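In: Kindly return the folded structure for what I paste below:
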Amino acid sequence: MAKNKFKDWFAGLFGRLRKKVVPLPQSQKMLNGYLEQVNIIKEAINLFLGFNRNQEQWRMLAARIKDCEKRCDSVTRRINIILDDTFITPFERGDISGLAGLIDDVMDHLEKAANRIVIYKVSYDPVFSEYLKQFLNLLSEAMEELKKIFILLHDLRQAAKIREYCQNIHQLEEEADSVYRHSLEKLAETQNPLLIIFWQDILGTLEHSMDKCHVVSKNILGILSNEAV
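Out: This next block holds a predicted model:
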């Protein structure tokens, strides 16, 4: 009985410490890691927007996007190393590690789509390249919302604003779904089966990237619920 009371007291102490407005140094490093991941993804998106008619130039851009993916992997590992060395965390350990992995998944799908363009030797197409651009712009907007979230996540008194930014990501994900449906309708009008296969794979992979971003926002909402704010 006494042991259980001590565990409850310890859990309550951790909960109160996690809710402090000023984050502990190690906790801030983890939150900064999320921001670093998001900034790397933004960099990759800007590179991706350079897709054009020049295949050789695109190969160079795809290689730089691959470098972004490796850097994002490195940040994910660093967050987990910091987590292992941290006694008091800003929220549950599983949530911290899970968020880092999900953000990394966003980057993975982005790099995969870029790689598909190289593998398929896709030529510039004014119609489907426009759909590509729409996806990337929506994903870029979602990254901006995530940046706002991670700047505030140390202060759970900002839960209302965080929820608002999560809702914005939900709306962006719905817009991306609509873009994908329209792109499939347009693909169905073409007579080139290879074009259909290639662009459906590329655009579908980008749509998965946005889905992962939406999952990140849902997990953040789950964290707010777990912390009862």
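In: Can you show me the helices along this structure?
Out: Applying DSSP state H to the chain gives helices spanning 2-18, 25-48, 55-84, 93-120, 126-152, 159-188, 193-226.
In: which other helices and strands contact the last one?
Out: Applying 3 or more Cβ pairs under 8 Å, 6 or more residues apart in numbering; DSSP states H and E, one finds that helix 193-226 contacts helix 93-120, helix 126-152, helix 159-188. For glycine as for every other residue, the C-beta is placed from the backbone atoms N, C-alpha and C.
In: Export the helices of the chain as TSV, with columns for mean pLDDT and mean neighbour count.
Out: Compiled in TSV, the helices of the chain are given as follows (pLDDT from 0 to 100; neighbours: other Cβ atoms under 10 Å):
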stretch	mean pLDDT	mean neighbour count
helix 2-18	46	10
helix 25-48	90	20
helix 55-84	92	17
helix 93-120	93	20
helix 126-152	94	19
helix 159-188	95	17
helix 193-226	93	19
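In: if I look at the nearest residue to Val122 once chain neighbours are set aside, how far off is Leu206?
Out: Take Val122 and drop its neighbours on the chain: the residue closest to it by Cβ to Cβ, 6 or more residues apart in numbering is Phe198, 5.6 Å away. Note on Phe198: its distance to Leu206, by Cβ to Cβ, to the nearest Å, is 13 Å.
In: Repeat that for Lys212.
Out: To Leu206, Lys212 is 11 Å away according to Cβ to Cβ.
In: okay but Lys148 is in contact with Glu164, surely?
Out: No: using Cβ atoms under 8 Å, Lys148 is not in contact with Glu164, being 9.0 Å away.
In: How about the contacts made by the spatially most central residue of the chain?
Out: The centroid of the chain falls nearest to Ile103 when counting by Cα atoms, centre = their mean (3.7 Å). By Cβ atoms under 8 Å, 6 or more residues apart in numbering, the contact set of Ile103 is Tyr34, Gln37, Val38, Ile41, Cys72, Thr76, Leu146, Val216.
In: Which two of those have the greatest separation?
Out: Farthest apart among the contacts of Ile103 by Cβ to Cβ are Thr76 and Leu146. That separation is 14.8 Å.
In: And stretch 221-229, how far out from the chain middle?
Out: With Cα atoms, centre = their mean, to the nearest Å as the basis, stretch 221-229 stands 19 Å off its chain's centre.
In: thinking again about what came up before, output the helices and strands packed on helix 193-226 as a markdown table; include the columns distance to Trp58.
Out: Compiled in a markdown table, the helices and strands packed on helix 193-226 are given as follows (distance: least, Cβ to Cβ, whole Å):
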| stretch | distance to Trp58 |
| --- | --- |
| helix 93-120 | 6 |
| helix 126-152 | 11 |
| helix 159-188 | 20 |
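In: Between these, which one is closest to Ile202.
Out: Nearest of the helices and strands packed on helix 193-226 to Ile202, taken as Cβ to Cβ: helix 93-120 at 5.0 Å.
In: I'd like the distance between Val106 and Val216.
Out: 7 Å.
In: And Gln37, how far from Arg78?
Out: For Gln37, the distance to Arg78 (Cβ to Cβ) stands at 10 Å.
In: Spell out which residues sit in contact with Ser209, please.
Out: Val106, His109, Leu110, Ala113, Leu139.
In: If we ignore the residues flanking it in sequence, what's nearest it?
Out: Take Ser209 and drop its neighbours on the chain: the residue closest to it by Cβ to Cβ, 6+ apart is His109, 3.7 Å away.
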